[in-house]
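Enquirer: Curious how this folds, go ahead:
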Amino acid sequence: MKVPIPRRGPGGLTRPGLSNQGLSRRGLLRAGLTASAAGSVAALGGCAATVGPVGERPLVPPKAPDENITLTYWTWWPALQAVADIWNAEHPDIQVRAVTIPGGLDGGYAKMFNSLVAGNQPDLAQVEYFQIPSFLLENGLEDLSRYGALDHIERFDEWQWLQASYIDGHYGIPVDSGPLMYFYRADKYEEWGIDGAPATWDEYAEAARRAAAAEDGAAIESFPVGDADWLAGMCMQAGAQWFSTEGGEWTVNFVDDASARVARFWEELVNEDVLDLTHPVWSTGWFQGLQQGTIGTWTVGSWGDAIIKGNDPDNPGRWEVSGMPQWEGEPRREGTWGGSASVVLSGARHPHEAVRFANWLSTDQRAVDAMITECGIGWAASEEVNENAVRNEGPDPFFSDQNYTDIVAEATEHIPTEWVWGPTLSATKNHIGDAFRSAVADGTSFVDALAQAQENTVRDIRAKGLSVRSES
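Expert: So this is what the prediction gives:
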């Protein structure tokens, strides 16, 4: 469900984790004010060195009323053209051409950065939330608040909107996300003597031990060794905050109490040999394990529903869905895994029209339903369209007649809004993956693996010429 966007005084809303001595982001923009370039640089700790130049660029005017244009949208969803064609049928003067490119870290982002250098950038591009600060470092995105994006703010879930907001600008129109969900084989849980989805992580640990003891070769879940996206979602859910800025300086803290708690928890279960380490997530053996019930759970973004259905379509009623187990003594929190926004790359020729299309893509019911059916998107960025979406058609026979979209909607109410992505996330994810693979192979500390990834990340940020420090 949608979290109401709070208003905190005349300055508006200030995002926790990004400080600029009281400067807000959306409040300033709504009031038509602009922070100084120097103030923006300080607030984003160097990453906002791009924000100043963006604000200084001449505004690109809208197209002439009698002018016909074509917008190009780079995406890794091959079927997005089918969605764009709905728009095209109603906007003969603003046509959209979707161009399929590799996934972001599989070459798509490199292609985008190269296009900025060559000057042949598209009008729009699909960018994951974690990658937005990296584009800001390269002065690579237009501030969409200058082109009408804030006119549509109330239609979006706050936590998704904030994923693309930095200090005094907004750099993407949210498309989808992946609130973490707990998908499990209810039939196998009953067979193993586990009473439904665990409410707490302590109960999860006990269930993992029970599953391993009940059936030779069975495991409650496959441990996703080295998957930084999964780990970030787990730490987010525990209350961690890996990155923050204040006074012009980045702070990196991968070993705060919440992250250390997560690391020690999973290290203990790995050491007890009650998780599957033989069949990596996404491997053929892993898919077979889900089908056969030797792997009983997948904690994953809500987009995992389509993958589970596609992997075992002929056996409805075996799977159920729940919110994530919680940490005892802590308020309910949920995490996310994945999510993307429509961005306008710097120098694009038609930013006004690009924002119009991006807003339509994320909030028009027909567009969202088409993205669900044609592209398999995750949780949409608007409460309204999620409530009326094609996937929300009542009890789902595959998931034991649960209306599981209600479960996702409830979870979104508890996703932290203060989470901030760092400016070198692609490298950070590699550092985390390398450190955890080594820790599992060598039997060393997971907390130490986080500390090593933190040290390497601080080095990366400093190499970009930014001020940075380790919190611990």
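Enquirer: where in the stretch 51-200 of the chain is pLDDT low?
Expert: Along the stretch 51-200 of the chain, the model assigns pLDDT under 70 to residues 51-55.
Enquirer: can I assume Pro224 sits in a helix?
Expert: No - per DSSP: H, G, I helix; E, B strand; the rest coil, Pro224 lies outside any helix segment and is coil.
Enquirer: Help me confirm that it comes into contact with Trp230.
Expert: Yes - between Pro224 and Trp230 a contact is recorded at 4.7 Å, counting by Cβ atoms under 8 Å. No exception for glycine: its C-beta is placed from N, CA and C like everyone else's.
Enquirer: between those two, who's got more neighbours?
Expert: Taking other Cβ atoms under 10 Å, Pro224 and Trp230 do not tie; Pro224 has more neighbours (22 against 19).
Enquirer: contacting residues for that one?
Expert: Counting by Cβ atoms under 8 Å, 6 or more residues apart in numbering, Pro224 makes contact with 230-231, 280-281.
Enquirer: which other residues reach the strand or helix carrying Ser438?
Expert: Using DSSP states H and E, the element containing Ser438 is helix 425-442. Contacts to helix 425-442, defined as Cβ under 8 Å, 6+ apart, come from residues 105, 109, 130-131, 133-134, 223, 225-229, 231, 267, 270, 277, 422, 444-446, 448-450, 452-453, 456-457, 460.
Enquirer: what's the answer for stretch 255-262, then?
Expert: Contacts with stretch 255-262, where a contact means Cβ under 8 Å, 6+ apart, come from 231, 234-235, 238-242, 253, 327, 447, 450-451, 454, 471-472.
Enquirer: What's the ChimeraX line that selects buried ones from these?
Expert: Per 16 or more other Cβ atoms under 10 Å, the buried members of the contacts of stretch 255-262 correspond to this ChimeraX selection:
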select :231,234,235,238,239,240,241,242,253,327,447,450,451,454
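Enquirer: List the ones among the contacts of stretch 255-262 that fall in helices.
Expert: Of the contacts of stretch 255-262, the ones assigned to helices by DSSP state H are 231, 234-235, 238, 447, 450-451, 454.
Enquirer: could I get those as a markdown table with distance to Ala435 and pLDDT?
Expert: Converted to a markdown table, the ones in helices among the contacts of stretch 255-262 look like this (distance: Cβ to Cβ, whole Å; pLDDT from 0 to 100):
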| residue | distance to Ala435 | pLDDT |
| --- | --- | --- |
| Leu231 | 10 | 98 |
| Met234 | 15 | 98 |
| Cys235 | 14 | 98 |
| Ala238 | 18 | 98 |
| Val447 | 11 | 98 |
| Leu450 | 7 | 98 |
| Ala451 | 9 | 98 |
| Gln454 | 9 | 98 |
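Enquirer: Out of those residues, the closest to Ser115 would be?
Expert: Nearest to Ser115 out of the ones in helices among the contacts of stretch 255-262 is Leu231 (Cβ to Cβ; 31.1 Å).
Enquirer: which residue ranges form the strands in the stretch 251-400 of the chain?
Expert: Along the stretch 251-400 of the chain, counting by DSSP state E, counting those that start in this stretch, strands occupy 295-301, 319-322, 336-343, 379-380.
Enquirer: Same list (the ones you listed) but as CSV, adding mean pLDDT, mean neighbour count and distance to His431.
Expert: Below are the strands of the stretch 251-400 of the chain laid out as CSV (pLDDT from 0 to 100; neighbours: other Cβ atoms under 10 Å; distance: least, Cβ to Cβ, whole Å):
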stretch, mean pLDDT, mean neighbour count, distance to His431
strand 295-301, 98, 24, 22
strand 319-322, 97, 22, 32
strand 336-343, 95, 26, 18
strand 379-380, 92, 26, 28
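Enquirer: any chance of the ones you listed in a markdown table, with distance to Ala358 too?
Expert: Converted to a markdown table, the strands of the stretch 251-400 of the chain look like this (distance: least, Cβ to Cβ, whole Å):
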| stretch | distance to Ala358 |
| --- | --- |
| strand 295-301 | 22 |
| strand 319-322 | 30 |
| strand 336-343 | 4 |
| strand 379-380 | 13 |
